[in-house]
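> below is the sequence, then the predicted model.
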Number of protein chains: 2
Amino acid sequence: MSETTLTNRRIVLAAYPEGNAKAQDFRMHSDAAPTPADGEFLVGMRWISVDPMLRIRIDAAPMGGTLAPLPLGTTIPGAAVGEVVVSHHPDFTVGSLVEGRFGWQDYAVSDGAGVHHVDPSLGSPEVALGPLGLPGFSAYVGLHAAGGVRPGQTVLVSGAAGAVGSMVGPLARAAGARVIGVANGEVKCRYLIDELGYHAAIDRSRGKLAADLAVAAPDGVDLYFDNVGGDMLIEVMRQLKRGGQVLICGLMAQYNGVDTTGPDRYPALLELIMNRTATVRAFANVHYEHLRPDFIRDVAPLVATGALPHRMHVRDGLEAAPDALASLFGDGVTGKLVVRV
Amino acid sequence: MSETTLTNRRIVLAAYPEGNAKAQDFRMHSDAAPTPADGEFLVGMRWISVDPMLRIRIDAAPMGGTLAPLPLGTTIPGAAVGEVVVSHHPDFTVGSLVEGRFGWQDYAVSDGAGVHHVDPSLGSPEVALGPLGLPGFSAYVGLHAAGGVRPGQTVLVSGAAGAVGSMVGPLARAAGARVIGVANGEVKCRYLIDELGYHAAIDRSRGKLAADLAVAAPDGVDLYFDNVGGDMLIEVMRQLKRGGQVLICGLMAQYNGVDTTGPDRYPALLELIMNRTATVRAFANVHYEHLRPDFIRDVAPLVATGALPHRMHVRDGLEAAPDALASLFGDGVTGKLVVRV
């Protein structure tokens, strides 16, 4: 295979989105694929991940300006699964499957940092972007390492039908917790109960979260695994048990921008933290890399046997990625969304 | 001593304060002292504590309405040190000194629940309302049990010259941390450095918190021990290290009421928690009662020898208590404020 013949299509950031991302915020760019140096390898992309967090990375002022914006023209830095097609690295042989933050493009060069081998015996390779990838690992380390979930606890999950939430429910149930999921619409709520094994589901579209939560968790919530943020977080905190915990995994409600014209909910949040003797914490997967072998050992068999159900949604063609990202917001997607390159 | 001859003066809540508490929000009431039943004892008050948290308890909607308001006419439920004057309880002999939430009054009946013996050998009895009482215990369990302070950490303390803050500084320094205090005005800042052993002090009245903090803690803050809340909390979070912690001990900035007419700082706080991979938590002393013997063992000798400096401010006469409470807000008081009954 000659490296010089390879053309690399890549999706780059053309403009900082306002609100939900639109087609014109992206541009397809074609140039020669990069050439791996000694100690590097070239990955040919097979699947790319469409993740809500990407919306933050392409914002003009990511996370309220606490992160530097991505320069325009940068390749969208999503996770992906690909095949090693050229290698000058002893640990990554040609033909092996790898997962890493390779970006939305046909080819990427890597030195192996942050790259994981994908074991084809664990199922279809795109699973390494879902239940055995970032979303699954977030659910696993969030619940067990950061959250310290214990049997008998009441765990509430927002975005419960999403890529992370659809893993949190079954894993929390397996840990002996009572698990309540919040999702938009009856179809997703049925999915939570019938397929994911949530003990109860709350349909956010009813607009009665507080009342529905009081019924589903009459003694209050021990652990709120939050993928959404927004008003729901403060509503849930009013029904948090004393000493309860809020684990912020995602803030989807505010990735597309926020309206800060009052009322100011900040003093109320601080008062609730104090009144509930609560802990509100975020966690970062990178702090828990040492748990990856445990994660694969515990979760891979459940995925392989179907004991841990999951849904993958597949769009075809690299060019489908921007629209796929936009589709995550609003009503959202059930399960994990990927693009087959 | 005849019980029937005792008159009990008590300060009751006459009106829910708006903003800082005023004289007309309180009323002095006189009636017969209560009579202890079997298993109870009567305490004659000697010192009462004036604590900022009392402002919350007398609010019309305490903690943003998350607590029930105190009924009008209720005795102000402050902590106090008194002497047992009548006893039908084997563990509390006449003449012994006790500390408990006896309220702003001359006499109170107790069954011993939540009451601690005051050891006169540990110094002047009113110390049981300051360094060896609730403020000291809050500083001790907050830093060690909730906060898990470690040598080499950078600890920032707000309200650093107050009853709790003036204990946190020396205790954090003794634990091997680098300690920075925030207080209002040059006089208090000098007190932090010269008497309490803070490594650095930031004068909030300069209005340059962010810049001053960047100088005092160029590598960021590991642990923010917060007695104040308000804008300062969000400012500090911007300079929190990744994985850093905010410990909410008090929210003095909002005890007198809050202005919620935007901008809404809530989304920014959530984004900062996520961006800093931060933990924001409150703690309750009652969860750590098992550490009280350790606290007395570790802290009492430091107080007795003067190795742990502290200031007590004394006002005279029960009737001085309402004005003393109001004086805690605004510029505040250096050290612990008590009233000698």
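All right, it came through fine. Numbering: from 1, shown residues only, chains lettered A, B, ... in the order given.
> so residue A:215: helix, strand or coil?
helix (DSSP: H, G, I helix; E, B strand; the rest coil).
> correction: residue A:303
The assignment at residue A:303 comes out as helix when based on three-state DSSP.
> try residue A:171
Classified using three-state DSSP, residue A:171 is helix.
> from residue A:236, how far out is it?
Plainly put, residue A:171 is 20 Å away from residue A:236 if you go by CB to CB, to the nearest Å. Yep, even glycine has a C-beta here, placed from its N, CA and C like the rest.
> what's the answer for residue A:272, then?
Residue A:272 sits 10 Å away from residue A:236, going by CB to CB.
> next one: residue A:264
Here the distance between residue A:264 and residue A:236 works out to 19 Å (CB to CB).
> return the distance of stretch A:260-272 from the chain's centre.
27 Å (CA atoms, centre = their mean, to the nearest Å).
> contact residues of the stretch 51-200 of chain A facing chain B?
A:63-64, A:66-67 (CB under 8 Å from any CB of the partner chain).
> one more pass at 10 Å, please.
By the rule CB under 10 Å from any CB of the partner chain, the part of the stretch 51-200 of chain A lying against chain B is A:53, A:56, A:62-67, A:146.
> quick check: which element contains the residue nearest in space to the middle of chain A?
Among the residues of chain A, the smallest C-alpha distance to the mean C-alpha position (CA atoms, centre = their mean) belongs to residue A:135, namely 4.4 Å. Secondary-structure assignment from DSSP states H and E places residue A:135 in helix A:134-141.
> give me the average confidence score over that helix.
For helix A:134-141, the mean per-residue pLDDT is 95.
> distance from the chain centre to that helix, please.
Shown here is helix A:134-141, whose average C-alpha point lies 8 Å from the average C-alpha point of the whole chain (CA atoms, centre = their mean).
> so what does it touch, helix or strand wise?
Counting contacts by 3 or more CB pairs under 10 Å, 6 or more residues apart in numbering or on different chains; DSSP states H and E, the secondary-structure elements packed against helix A:134-141 are helix A:165-174, helix A:292-305, strand A:336-340.
> which residue does chain A have closest to chain B?
Ranking the residues of chain A by distance to chain B (CB to the nearest CB) places residue A:262 first, at 2.3 Å.
> quick one: contacts for that residue?
Taking CB atoms under 10 Å, 6 or more residues apart in numbering or on different chains as the contact definition, residue A:262 lies against B:259-266.
> pLDDT weak spots in the stretch 51-200 of chain A?
Applying pLDDT under 70 to the stretch 51-200 of chain A flags no residue at all.
> isn't residue A:236 right up against residue A:209?
Yes. Between residue A:236 and residue A:209 there is a contact under CB atoms under 10 Å: 7.8 Å.
> comparing the two, which residue is more hemmed in?
For residue A:236 versus residue A:209, the count of surrounding residues by other CB atoms under 10 Å in any protein chain shown is larger for residue A:236: 24 against 18.
> what sits against the more buried one?
Contacts for residue A:236 were tallied using CB under 10 Å, 6+ apart; they are A:156, A:158, A:182, A:209-210, A:213, A:217, A:220-221, A:224, A:226, A:228, A:244, A:246, A:272.
> out of these, which end up buried?
Buried residues within those, counting neighbours by 16 or more other CB atoms under 10 Å in any protein chain shown: A:156, A:158, A:182, A:209, A:213, A:217, A:220-221, A:224, A:226, A:228, A:244, A:246, A:272.
> and those as JSON lines, adding secondary structure?
Written out in JSON lines, the entries for the buried ones among the contacts of residue A:236 read as follows (three-state DSSP):
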{"residue": "A:156", "secondary structure": "strand"}
{"residue": "A:158", "secondary structure": "coil"}
{"residue": "A:182", "secondary structure": "strand"}
{"residue": "A:209", "secondary structure": "helix"}
{"residue": "A:213", "secondary structure": "helix"}
{"residue": "A:217", "secondary structure": "coil"}
{"residue": "A:220", "secondary structure": "coil"}
{"residue": "A:221", "secondary structure": "strand"}
{"residue": "A:224", "secondary structure": "strand"}
{"residue": "A:226", "secondary structure": "strand"}
{"residue": "A:228", "secondary structure": "coil"}
{"residue": "A:244", "secondary structure": "strand"}
{"residue": "A:246", "secondary structure": "strand"}
{"residue": "A:272", "secondary structure": "helix"}
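> spit out the contact partners of residue A:126.
Per CB under 10 Å, 6+ apart, neighbours of residue A:126: A:46-49, A:80-81, A:99, A:118, A:132-133, A:312, A:314, A:336, A:338-340.
> just the helices in the stretch 51-200 of chain A please.
Under the criterion DSSP state H, counting those that start in this stretch, helices of the stretch 51-200 of chain A are mapped to A:53-57, A:62-65, A:134-141, A:165-174, A:186-194.
> export the shortest one as PDB, just CAs?
Same thing as helix A:62-65. Extracted as PDB, the C-alpha positions of helix A:62-65 are listed here (Å, rounded to 0.1, in the frame of the first residue of the first chain):
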ATOM      1  CA  PRO A  62     -16.400  26.800  25.500                       C
ATOM      2  CA  MET A  63     -17.800  26.200  29.000                       C
ATOM      3  CA  GLY A  64     -18.600  29.800  29.500                       C
ATOM      4  CA  GLY A  65     -15.100  30.800  28.300                       C
END
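> on that earlier part again, SS state for the residue lying closest to the residue of chain A closest to chain B once chain neighbours are set aside?
In space, residue A:262 comes closest to residue B:262 once its chain neighbours are excluded; the distance is 2.3 Å by CB to CB, 6 or more residues apart in numbering or on different chains. Using three-state DSSP, the secondary structure recorded for residue B:262 is coil.
> now residue B:262: how far from residue B:306?
Summarising the geometry, the distance separating residue B:262 from residue B:306, computed by CB to CB, is 49 Å.
> so residue A:252 is in contact with residue A:328, correct?
Yes. With the criterion set as CB under 10 Å, residue A:252 and residue A:328 qualify as a contacting pair; they are 7.8 Å apart.
> hey, what's in contact with both of those two?
Common neighbours of residue A:252 and residue A:328 are listed as A:52-53, A:55, A:159, A:162 (criterion: CB under 10 Å, 6+ apart).
> looking at those, which is nearest residue B:6?
The closest of the shared contacts of residue A:252 and residue A:328 to residue B:6 turns out to be residue A:159 (CB to CB; 62.6 Å).
> OK, contacts around the closest one?
With contact taken as CB under 10 Å, 6+ apart, residue A:159 is in contact with A:52, A:165-166, A:168, A:181-184, A:188, A:204, A:225-229, A:232, A:249-250, A:252-253, A:328, A:332.
> can you report how many residues lie near the residue lying closest to residue A:181 once chain neighbours are set aside?
When the adjacent residues along the chain are set aside, residue A:181 lies closest to residue A:160, with 2.9 Å between them (CB to CB, 6+ apart). Around residue A:160 sit 30 other residues, with neighbours defined as other CB under 10 Å.
> next up, the contacts around residue A:160.
Neighbours of residue A:160 in contact, by CB under 10 Å, 6+ apart: A:166, A:168-169, A:179-184, A:188-189, A:191-192, A:196, A:198, A:201-202, A:204, A:225, A:227-228, A:334.
> quick check: closest non-adjacent residue to residue A:43.
Using CB to CB, 6+ apart, the closest residue to residue A:43 is residue A:82 (3.9 Å).
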